[in-house]
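Asks: how would this look folded up:
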Amino acid sequence: MHKTTQLPRRPTLHGEVVSFVAAFGLTALIVPSTSAICSEPIATFSIVAFDSVTGDLGVAVQSKFFAVGSVVPWARAGVGAVASQAFGNPTYGPLGLDLLSQGTEVHEAIRRLLADDPQREQRQLGIVDAAGYSAAFTGSECLPWAGHFVGRHFSVQGNILVSGTTVEAMAHAFQGTDDMLGERLMRALEAGQEAGGDSRGMQSAAIVIVRNGGGYGGYTDRYCDLRVDDHENPIAELRRIFNIWKVQALINEGYSLADAGKVEASITVGLKAVELDSLSGEAHYHLACYYAKATRFDEALRTLEQAILRDASYARRAPDDPDFAPIKTDPRFVVLTAPPEE
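Replies: The predicted model follows:
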């Protein structure tokens, strides 16, 4: 069982946040600003998290900062995830992951990153490892509101926020969502914005999820890597493209399950994809493939018909698809895939 990591406690400024922390078993740190700083901070709220079921690791972030996805989120499959922000030091990402890969405990990793940094009190970071242990740091000179919550398998952190309710809502949403890691991260971002978000507004958002062999063709660990660099509502735009990604992820998962001989499980996943994307033909087409692999040919034909009704190009594609080889001579299949009459 994973334990919740604990940070040294400082006096809290908000009693209502302490009540939330007690209810959800989180560690809270709320830090007032103590000095003015001249350079431009990454005014941000973010979450780093681990999925104990899949082993996935991820980061989601939103900021009134251009292309925040190029600076804040860092993750490596089987190692951990890091968010470096406020007057962020981007080297904390790769250096922190290197420390984790060497077996360094999360609190010790933060200590080593900050040890020789003269600007440490202007930094903010969250970190989670591949066992689910998590920790965070908010420097005493981060601009208000600034603070973090550390929970089991995740940490949320933010600076220059409307109030602490942003990270509170993020933690609540993450823990209260029963779905794939990406969906839990998206819900956390959405809840954080609804609770107030960045006091300066919105500009960019990103989500990164890593999985061993999760990238295209299995060559990299980049299971999900989506960015909105400049948008009036970056979280809504990130949600739009995330939903597209989610359908593709489910389709790919369906084939992985089918190839592993788990064809009934692949159909369950395919039905979820169709539910998310009922208007286009793509999810229907791949579900028809899963049905064919399961030798449920009547359902394969009915679902293929639905795909073709939505997109006629699947009628040209299906005859050459090896998944449909067992029904290629079925009169119903021949009719469905016949070229249109001149």
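Asks: CA atoms for contacts and neighbours, from now on please.
Replies: Will do.
Asks: helix or strand right after the helix ranked longest in the chain?
Replies: If each helix of the chain is counted by residues according to DSSP state H, the longest one is helix 234-259. Next along the chain after helix 234-259, taking DSSP states H and E as the criterion, comes helix 263-276.
Asks: Let me know the average pLDDT across the longest helix of the chain.
Replies: Looking at helix 234-259 alone, the average pLDDT works out to 95.
Asks: can you check stretch 216-225 too?
Replies: 93.
Asks: just to revisit the earlier point, can you give me the buried ones in the longest helix of the chain?
Replies: Along helix 234-259, the positions that meet the burial threshold by neighbour count (16 or more other CA atoms under 10 Å) are 234-239, 242-243, 245-255, 257-258.
Asks: Show me what that helix is packed against.
Replies: Under the contact criterion of 3 or more CA pairs under 8 Å, 6 or more residues apart in numbering; DSSP states H and E, the helices and strands touching helix 234-259 comprise helix 181-194, strand 204-210, strand 222-228, helix 263-276, helix 282-293.
Asks: and the closest residue to Tyr133 other than its chain neighbours, how many neighbours does it have?
Replies: Leaving out its chain neighbours, the residue that sits closest to Tyr133 by CA to CA, 6 or more residues apart in numbering is His153, at 5.9 Å. The number of residues packed around His153, counting by other CA atoms under 10 Å, is 25.
Asks: Can you give me every residue that contacts His153?
Replies: The contact partners of His153, taken as CA atoms under 8 Å, 6 or more residues apart in numbering, are 2, 4, 49-52, 128, 132-134.
Asks: how about those residues, which pair is most distant?
Replies: By the measure CA to CA, Thr4 and Asp51 form the most distant pair in the contacts of His153, at 14.5 Å.
Asks: Mind giving me the packing neighbours of whichever strand or helix holds Val334?
Replies: Applying DSSP H and E as the criterion places Val334 in helix 331-336. Contacts of helix 331-336 with other secondary structure elements, assessed using 3+ CA pairs under 8 Å, 6+ apart, are made with helix 297-310.
Asks: May I have the very next helix or strand once past the helix it packs on as PDB, with CA atoms only?
Replies: Once the chain leaves helix 297-310, the next helix or strand it forms, by DSSP H and E, is helix 313-317. Coordinates of each C-alpha in helix 313-317 appear next as PDB, following Å, rounded to 0.1, in the frame of the first residue of the first chain:
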ATOM      1  CA  SER A 313     -15.000   5.600 -47.600                       C
ATOM      2  CA  TYR A 314     -15.100   2.700 -45.200                       C
ATOM      3  CA  ALA A 315     -17.000   0.700 -48.000                       C
ATOM      4  CA  ARG A 316     -13.800   0.900 -50.100                       C
ATOM      5  CA  ARG A 317     -11.500   0.200 -47.100                       C
END
